[in-house]
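> Here is a sequence together with a model predicted from it:
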Amino acid sequence: MVDIPTAKDKWSGKIGEVRLGATAENGGTRKSNKVIGGQNGLPFLSYENEYPNRPAMAGEVVDSLEGYPELAKEEFGDAVNDPVEWAKCWVNEHGADLICLRLLSTNPEEENTSSEDAAKLIRDIMDAVPVPILVYGCGHEEKDAKTMELVSNTCAGERILIGHAEEDAYKSISAASMANGHAVVGFSNLDINLAKQISILLTDFGVHLDDIVADPLMAALGMGLEYSYSVNERIRLAGLMGDKMLQVPMLCDASVAWEAREATDDDPAYGDAKERAMWWEVTTGLAALLSGADMLIVRNPRAASMINLLVDDLLGGD
């Protein structure tokens with residue numbers, strides 16, 4: 001019998017690593033940190049690819065429930081009324097690697113929670129859970145600039161991930177991250193050239209590549225997932241082929257699955273909406289990982305659990 005060798009691709013580039021969270025050894029209070037990235041090949045091809053860091057799952061917590069899906073609230077019960085308890089639920093009951101806190105209430109056109117109160121909430125969550133934190137603002141540029149400056153100072157030494165910096169508004173967020181040794185999310189809009197451009201802008205401004213996590217904007221199942229998959233894959237391939245500006249870990253937001261009407265419509269012909277929404281998020285998240293994502297933001301804890309089981313299988317587990 002002829003022994004036919006397995007064909008393997010060899011890449012000249014390697015995806016960089018970003019460490020999130022700081023333990024006491026690093027001057028922080030986290031019980032452990034989370035490192036993402038580090039691959040030298042395409043996702044889950046263990047026969048040709050070093051895969052030193054398992055993909056990370058960040059459980060979503062919001063500080064305002066205005067417009068938040070009822071089906072998503074049901075998964076956490078009364079904990080959704082207190083972001084601190086919500087974060088503890090994610091970590092203690094569902095094993096989240098990180099917490100993703102969205103400071104939606106700071107929007108001056110809505111609740112207009114003060115930046116000081118937002119920073120205090122971050123500190124309360126940091127004190128309640130031992131995992132790294134990803135923090136997003138409300139999307140209002142001026143308010144986010146002030147809020148993230150205070151958040152950065154409050155979390156000095158903790159190595160949080162601050163989001164997000166984009167082409168037209170990156171200086172204030174980048175400055176906040178650099179001031180206290182945090183990492184920053186570089187956001188681009190479904191285009192490999194824009195993904196490269198934000199990395200160039202951030203590094204020109206002074207951010208180190210090992211402080212950047214790319215978010216190329218994940219599209220949900222039924223809302224352009226195929227195109228988004230191709231963009232993610234092209235970004236990863238370019239990095240592996242040696243494009244330094246694209247050799248950063250990739251973050252994708254699987255919670256966008258809940259924006260698809262088909263995921264949550266209350267139509268008996270579609271089956272149970274609670275189960276359908278969960279599987280919609282699983283499909284979106286799995287596609288993101290297969291296309292190159294190193295970290296997911298997840299909304300449904302059962303979706304996170306299922307994605308983790310699938311990752312176990314893809315990594316060669318029993």
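Nice, I can see it.
> quick one, strands of the stretch 1-150 of the chain?
Assigned by DSSP state E, counting those that start in this stretch, the strands in the stretch 1-150 of the chain fall at 17-20, 34-37, 56-62, 98-102, 133-136.
> In JSON lines: these, plus mean pLDDT, distance to Ala257 and mean neighbour count.
Where C-beta positions appear, they are placed from N, C-alpha and C, glycine not excepted. Below are the strands of the stretch 1-150 of the chain laid out as JSON lines (pLDDT from 0 to 100; distance: least, CB to CB, whole Å; neighbours: other CB atoms under 10 Å):
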{"stretch": "strand 17-20", "mean pLDDT": "98", "distance to Ala257": "23", "mean neighbour count": "22"}
{"stretch": "strand 34-37", "mean pLDDT": "98", "distance to Ala257": "21", "mean neighbour count": "22"}
{"stretch": "strand 56-62", "mean pLDDT": "98", "distance to Ala257": "12", "mean neighbour count": "26"}
{"stretch": "strand 98-102", "mean pLDDT": "98", "distance to Ala257": "15", "mean neighbour count": "26"}
{"stretch": "strand 133-136", "mean pLDDT": "98", "distance to Ala257": "17", "mean neighbour count": "25"}
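> Ok, which of these comes nearest Asn153?
Nearest to Asn153, of all those, is strand 133-136, at 12.6 Å by CB to CB.
> Apart from its chain neighbours, what residue comes closest to Gln39?
Ile15 (4.8 Å; CB to CB, 6 or more residues apart in numbering).
> Which strands or helices does the top helix by length along the chain pack on?
Ordering each helix of the chain by length in residues (DSSP state H) puts helix 273-291 first. Where contact means 3 or more CB pairs under 8 Å, 6 or more residues apart in numbering; DSSP states H and E, helix 273-291 is packed against helix 70-74, helix 225-240, strand 251-253, helix 261-264, strand 295-298, helix 301-314.
> Deepest in the core, which of those is it.
Per-stretch averages of neighbours, counted by mean count of other CB atoms under 10 Å, single out strand 295-298 among these, with a mean of 28.
> Give me the helices and strands touching that one, please.
Applying 3+ CB pairs under 8 Å, 6+ apart, one finds that strand 295-298 contacts strand 56-62, strand 251-253, helix 273-291, helix 301-314.
> Many thanks, we can stop here.
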